[in-house]
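Student: build me a structure from this.
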Amino acid sequence: MDILFLVLSIVFILLGIAGSFLPVLPGPLTSWGGLLLLHYHSKVEQNPSFLWITFGIALAVFLLDYIIPAIGTKKFGGTKSGVYGASIGLIIGLLFLGPFGVLAGPFFGAYVGELLHDNNQKKALKSALGSLIGFLGGVFIKFSVAIVYLYFFCAIVWKQLL
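Tutor: Numbers count the residues shown, from 1 in each chain. A predicted model of the protein is given here:
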């Protein structure tokens, strides 16, 4: 059973890293699942504080990932229409375009939202670019957390299993 927990935890850690780029997988939460599974190994010392803290971080990053494009839109001069457009575009893009929609949806949603508010294409494009930069910032944060969780996984395996 210990080998199963170890193999599954490795799979979850790697899926979490992939999930940083693929919007169909919640990257840090999946990596955290790998850490949780590792703690079920009989030779790994249980550390509830570690698990709760890493879960809180993973959950916060997961939730932030849905609002960062809207924040990026606002920071680049977007109005509430652009922020709403980015949020609606994220949902519509995810529903109809799948993984590509998570990238394209907020961009085009912010663009359309700004055009509806003020027919200024330059401002709308700037707002949409903010949404895209916000999305890429979210990817960077998710990837960073997933890599840190990979480090924790390796450190635990090295210290307690080898």
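Student: from here on, just use CA atoms for contacts and neighbour counts.
Tutor: OK.
Student: and the least confident helix or strand in the chain by mean pLDDT, what other elements does it pack with?
Tutor: Lowest by mean pLDDT, DSSP states H and E among the helices and strands of the chain is helix 80-97, with a mean of 84. Here helix 80-97 touches helix 48-75, helix 99-117, helix 121-156, going by 3 or more Cα pairs under 8 Å, 6 or more residues apart in numbering; DSSP states H and E.
Student: just put those in TSV and tack on mean pLDDT.
Tutor: Compiled in TSV, those are given as follows (pLDDT from 0 to 100):
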stretch	mean pLDDT
helix 48-75	89
helix 99-117	86
helix 121-156	90
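Student: contacts only, for residue 28.
Tutor: Contact analysis of residue 28 by Cα atoms under 8 Å, 6 or more residues apart in numbering lists 16-17, 19-20, 58-59, 61-62, 142-143, 145-146, 149.
Student: greatest separation within those residues: which pair is it?
Tutor: Across these, no pair lies farther apart than 17 and 59, at 15.2 Å, counting by Cα to Cα.
Student: look up phi and psi at the residue located most distally from the centre of the chain.
Tutor: Computed with Cα atoms, centre = their mean, the residue of the chain farthest from its C-alpha average is residue 119, at 32.3 Å. With angles defined as degrees, to the nearest 10, residue 119 sits at phi -70, psi 50.
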